[in-house]
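>>> Got a sequence here, can you model it:
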Amino acid sequence: MMSHSVLVLCLLSITVSSNLAIAIKREKRPPQTLSRGWGDDITWVQTYEEGLFHTQKSNKPLMVIHHLEDCQYCQALKKVFAQNKEIQEMAQNNFIMLNLMHETTDKNLSPDGQYVPRIMFVDPSLTVRADITGRYSNRLYTYEPQDLPLLIENMKKALKLIQSEL
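Residues are numbered from 1 along each chain as shown. The predicted model follows:
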């Protein structure tokens, strides 16, 4: 009789602990929000139209990140983007942010083709800033993980252009 109750207790504790482990695992995974992994503390707009509306209203530039889930270059860029404190703070405080996994009807957002990852800036006058480019002549608006300093510089440039043009 004794061994039976010990066995039941053992099984019970195993069940409880494995359920607990499952609950803890679930807890750790951040909710899948509009951030799609680019930064959960950033307020993301859902559509390009919504982004344009907020850009005009807030007088902050819109940053549009084109990406795809199954693109290894996008994943690599997303990882460093999400971990970079300076980028996250600027994105949170100074930009209207949008990440898209599809193309928009605005051809100005793909001046040199529809590739990913691609990051474009739109100023509050709703002008796509084709003059803010990365370092690759064949894909002007793409950034690789090692290009974060240039992306930071370009984010600052997008902010400066607004101040100087008002």
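>>> Show me where the chain dips below the pLDDT cut-off.
Within the chain, the stretches falling below the threshold (pLDDT under 70) are 1-32, 165-166.
>>> Tell me where it has strands.
62-66, 96-100, 118-122 (DSSP state E).
>>> Let me know the angle separating the first one from strand 118-122.
Our comparison of strand 62-66 with strand 118-122, counting by axes from the mean of the first three to the mean of the last three C-alpha atoms, to 10 degrees, yields an angle of 160 degrees.
>>> Note down every partner strand of strand 62-66 and its orientation.
When sheet partners are counted by DSSP bridges, strand 62-66 sits next to strand 96-100 (parallel), strand 118-122 (antiparallel).
>>> Quick check, central residue of the chain?
Centroid-nearest residue in the chain: W38, 2.5 Å away (criterion: C-alpha atoms, centre = their mean).
>>> what's the spacing between it and K57?
Remark: distance between W38 and K57 (C-beta to C-beta, to the nearest Å) = 22 Å. C-betas here are computed from N, CA, C, even on glycine.
>>> Over to R139?
32 Å.
>>> count of residues packed around the closest residue to E69 other than its chain neighbours?
Using C-beta to C-beta, 6 or more residues apart in numbering and skipping residues adjacent in sequence, the residue nearest E69 is M101, 6.7 Å away. Applying other C-beta atoms under 10 Å, we find 13 other residues in the vicinity of M101.
>>> which phi and psi does M101 have?
When read as degrees, to the nearest 10, the backbone of M101 gives phi -110, psi 20.
>>> List the residues that contact it.
M101 makes contacts with R36, H66, H67, L68, E69, as judged by C-beta atoms under 8 Å, 6 or more residues apart in numbering.
>>> what do you get if the cut-off is 7 Å, keeping everything else the same?
For M101, the set of contacting residues under the criterion of C-beta atoms under 7 Å, 6 or more residues apart in numbering consists of H67, L68, E69.
>>> What is the burial count for the last one?
If I follow you right, that is E69. Neighbour count for E69, taken as other C-beta under 10 Å: 10.
>>> Same check on I119?
When counting by other C-beta under 10 Å, one arrives at 23 neighbours for I119.
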